[in-house]
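[1] Provide a 3D model corresponding to the input given below.
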Amino acid sequence: MSQAFHEGQALPIGAPNHPERKTSGVQVRPLLLVIAVGLALWWIPPPNDVSVQAWHLLSIFVATIVAIIVKPLPMGATALIALGITGATGTLPVNQVFVGFSNPSIWLIVLACFIARGFIKTGLASRIAYMFLYVFGRSPVGLAYGFMASDLMMAPVIPSSTARAGGVLMPIIRSLSHTLGSSADDGTAGRMGSFLALTAFHSTVITSTMFITAMAPNPIIVGLAQNAGVEITWTLWAKAAIVPGLLSLFAIPWLTSWLCPPTIKDVSGAAAHAKEHLVAMGRVGRQEWMMAICFVLLLVLWIFGKSFGLHPTIAAILGVGMLLLTNVLTWRDMIGEEVAWDTLVWFSVLVTMAGGLNELGFISWFSEQIVLLVHGYPWTLALGLLGLVYFYSHYLFASITAHVTSMYAPFLMVCISVGAPPLLAALCLAFLSGLMGGLTHYSSGQAPVVYGYRFVGLKKWWMAGGVLSVVYLGIWLGVGSLWWTWLGLW
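    Okay, here's the model as predicted:
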């Protein structure tokens with residue numbers, strides 16, 4: 001399951017159509033492409049007002065982003081090599097090369113990976129899903145809300161939509177659909193499976209947008225916004241996202257039932273299915289109770305910790321310490337959580353390079369070039385146009401991380417330059433970064449996982465992504481902007 005935490009990367013082990021680990025070695029052709037891109041940029045003379053040092057860092061950064069997309073090596077290996085080249089060429093001094101490893105937002109997501117391991121190890125994640133399924137599973141829409149409620153509860157402490165969709169929701173949906181006579185293998189997917197799979201996918205898109213700790217790229221966004229002088233706390237993010245997020249979750253089952261209408265209306269067997277699994281799991285054990293208590297305490301500390309000077313990352317450290325002391329997690333569990341350590345490496349490297357580009361003045365220069373395109377527009381119109389370009393350009397990306405690291409900072413600087421309130425611009429682009437994960441079958445980490453179950457065809461998937469993207473934009477930029485005004489955020 002630890003494979004599941006990369007947004008836009010590998011499928012969880014055991015998921016349908018999981019690719020064999022052919023990417024564990026070097027892929028020669030993609031590697032040659034990455035080298036060619038990096039060298040070509042390196043030797044091109046930089047534009048006026050851009051230093052040679054900034055241009056060389058850009059060439060390494062762009063080559064790294066290309067490597068994330070074409071995958072000649074795992075992302076962590078690629079990032080580590082890029083970091084070595086950055087230091088060896090003197091592009092950044094050694095004291096700056098490692099600055100990303102001290103970023104508290106990165107450590108927050110690493111610690112959240114450990115906490116997520118506790119959810120999965122104890123079985124609490126599956127129990128939560130079955131409990132909501134038992135309570136809400138009286139109609140097709142009720143089933144959808146049950147899965148969405150369990151996803152919403154797990155999202156703040158499981159920092160991967162891929163893990164939630166591939167490790168918890170979809171195995172249960174496949175089992176339940178089979179019980180209801182709906183299978184992807186015999187032409188009966190439309191009876192129930194298509195509706196539930198599409199709903200679960202878009203549910204994870206929204207919940208990943210609602211919390212900093214719900215998706216791996218979100219802490220990168222926080223760091224990039226901080227580089228631009230905008231501070232986004234865990235509580236502020238959640239508060240700003242709660243109303244548009246809940247409205248989106250409420251709308252999804254009705255929209256997906258129109259796009260993929262389930263032909264089964266009697267789902268009385270669903271509650272019995274959930275009850276059967278809950279009975280098989282037995283009573284809530286000591287470790288599950290400790291995991292639940294830790295979960296509640298963490299939410300309280302993340303929400304109210306700032307009022308008494310407790311940083312969210314320190315709260316997460318205390319939470320992990322509690323899990324270690326109660327033996328819910330062992331140190332061996334943490335050492336073996338390869339995704340947490342992998343995340344620490346590639347997040348730190350990307351944040352280091354993005355911060356370096358900002359300090360060397362490249363982000364400011366690039367922003368000025370984009371400003372010329374929207375010069376003279378009112379900031380509201382400019383922000384809307386730039387947001388649409390940022391959002392729909394994700395059709396060209398297979399990784400939210402790659403999109404965020406390459407485009408978030410310059411687009412934020414442009415929005416601020418044309419007069420948009422900095423916090424509003426930072427939050428708008430942050431939320432768009434999560435919402436764009438619902439566009440295609442490759443646009444986010446959970447997308448290929450859910451699509452791999454073959455409940456939803458490609459044409460239907462893309463149509464749903466397009467239709468729901470318009471709904472999301474209307475809710476988040478329309479109702480959301482009113483909510484943010486009421487909160488006094490701009």
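[2] just the helices in the stretch 151-300 of the chain please.
    161-163, 170-179, 193-210, 217-227, 234-259, 268-281, 286-304 (DSSP state H, counting those that start in this stretch).
[3] give me the buried positions along the first one.
    Residues of helix 161-163 classed as buried under the neighbour-count rule (16 or more other CB atoms under 10 Å) are 161-163. C-beta: built from backbone N, CA, C; applies to glycine.
[4] picking up where we left off before, tell me the most buried of the helices of the stretch 151-300 of the chain?
    Most buried of the helices of the stretch 151-300 of the chain, by mean neighbour count (mean count of other CB atoms under 10 Å): helix 161-163, with a mean of 32.
[5] dump stretch 433-449 to PDB, restricted to CA.
    Only the C-alpha atoms of stretch 433-449 are listed here, as PDB (Å, rounded to 0.1, in the frame of the first residue of the first chain):
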ATOM      1  CA  SER A 433      -4.600  22.800  -8.200                       C
ATOM      2  CA  GLY A 434      -6.600  20.100  -6.500                       C
ATOM      3  CA  LEU A 435      -9.800  20.400  -8.600                       C
ATOM      4  CA  MET A 436      -7.900  20.000 -11.900                       C
ATOM      5  CA  GLY A 437      -7.100  16.400 -10.700                       C
ATOM      6  CA  GLY A 438     -10.600  15.400 -11.900                       C
ATOM      7  CA  LEU A 439     -10.200  16.300 -15.600                       C
ATOM      8  CA  THR A 440      -8.800  13.100 -17.100                       C
ATOM      9  CA  HIS A 441      -8.000   9.400 -16.400                       C
ATOM     10  CA  TYR A 442      -4.300  10.400 -15.800                       C
ATOM     11  CA  SER A 443      -4.700  13.800 -14.200                       C
ATOM     12  CA  SER A 444      -4.100  12.700 -10.600                       C
ATOM     13  CA  GLY A 445      -2.800   9.800  -8.600                       C
ATOM     14  CA  GLN A 446      -6.200   8.200  -8.000                       C
ATOM     15  CA  ALA A 447      -7.400   8.600 -11.500                       C
ATOM     16  CA  PRO A 448      -5.500   5.600 -13.100                       C
ATOM     17  CA  VAL A 449      -6.300   3.600 -10.000                       C
END
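[6] please state the backbone phi and psi of residue 50?
    In terms of degrees, to the nearest 10, the main-chain angles of residue 50 are phi -120, psi 120.
[7] residues near it, how many?
    17 (other CB atoms under 10 Å).
[8] again, but for residue 108
    When counting by other CB under 10 Å, one arrives at 24 neighbours for residue 108.
[9] wouldn't it be in contact with residue 316 here?
    Yes - contact criterion CB atoms under 8 Å: residue 108 and residue 316 qualify, at 5.6 Å.
[10] list the helices and strands the lowest-mean-pLDDT helix or strand in the chain packs on?
    Lowest on mean pLDDT, DSSP states H and E among the helices and strands of the chain sits helix 161-163, with a mean of 75. Packing partners of helix 161-163 (3 or more CB pairs under 8 Å, 6 or more residues apart in numbering; DSSP states H and E): helix 193-210, helix 446-451.
[11] adding distance to residue 402, write the helices of the stretch 151-300 of the chain out as a markdown table.
    Shown next, in a markdown table, are the helices of the stretch 151-300 of the chain (distance: least, CB to CB, whole Å):
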| stretch | distance to residue 402 |
| --- | --- |
| helix 161-163 | 15 |
| helix 170-179 | 24 |
| helix 193-210 | 16 |
| helix 217-227 | 9 |
| helix 234-259 | 21 |
| helix 268-281 | 38 |
| helix 286-304 | 28 |
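[12] nearest to residue 415, of the buried residues of helix 161-163?
    residue 161 (25.8 Å; CB to CB).
[13] ok, now which ones touch the closest one?
    7, 204-205, 207-208, 214-215, 437, 444-446 (CB atoms under 8 Å, 6 or more residues apart in numbering).
[14] residue 41: which of those residues is nearest?
    So of the contacts of residue 161, ranked by how close each gets to residue 41 (CB to CB), first place is residue 7, at 25.7 Å.
[15] tell me the predicted confidence for the closest one.
    Listed pLDDT for residue 7 reads 43.
[16] same check on residue 19?
    Residue 19 carries a pLDDT score of 36 in this model.
[17] swap in residue 146?
    88.
[18] and stretch 76-91, which residues are buried?
    Neighbour counts over stretch 76-91 (16+ other CB under 10 Å) mark 76-83, 85-86, 91 as buried.
[19] so which residues make contact with that stretch?
    Taking CB under 8 Å, 6+ apart as the rule, stretch 76-91 contacts 34, 53, 56-57, 60-61, 63-64, 67-68, 72-73, 92, 94, 97, 341-343, 345-346, 348-350, 352-353, 356.
[20] so which of the contacts of residue 161 sits lowest on pLDDT?
    residue 7 (43).
[21] ok, residue 138 - how many residues close by?
    Using other CB under 10 Å, residue 138 has 14 neighbouring residues.
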